[in-house]
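In: Mind folding the following:
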Amino acid sequence: MSIKGNHVKLDDIIKIMIETRCEDDNFCIYGLDGKLFEDKEYLVSGYPQVDENDNEVYPQDAVAKGLSYIYSGEQFADVILSVMEQKPSAKNQDFIDALNYYLENDDFLDL
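Out: Purely as a prediction, here's the structure:
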């Protein structure tokens, strides 16, 4: 994903994932909130590493800004693909609703 290592608006992340049919899910999304908002930017970076004590260590760019893990690229892609399959005419808000539903329920939203 060419946006990796950058702060990117949620709309743009969704748009790229739709356009590429989620071909690259090797990233994580970090932010200040535990929920996704349309008008906010999120850090797209690497996966957390696990140290010798089995603790997750976030990428330095996330730690430096005090950001928390929100989404893995795999989960994000799975939700985007689910929405695309269920509702080909989905609007941006449909994707955001489905992404937040998954965060809260660990389940896919039925559209």
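In: Isn't residue 75 up against residue 102?
Out: Yes: the pair residue 75 and residue 102 qualifies as a contact (Cβ atoms under 8 Å) at a distance of 6.8 Å. Heads up, the C-betas are built off the backbone N, CA and C, glycines and all.
In: Can you list the low-confidence ranges for the protein?
Out: 1 (pLDDT under 70).
In: which residues in it form helices?
Out: 10-19, 60-64, 73-86, 92-105 (DSSP state H).
In: what comes up buried for the second one?
Out: Of the residues in helix 60-64, those scored as buried under the neighbour-count criterion (16 or more other Cβ atoms under 10 Å) are 61, 62.
In: From here on, call the first residue 152.
Out: Renumbered: residue one is now 152, and that last one reads helix 211-215.
In: How far off centre is it?
Out: 17 Å (Cα atoms, centre = their mean, to the nearest Å).
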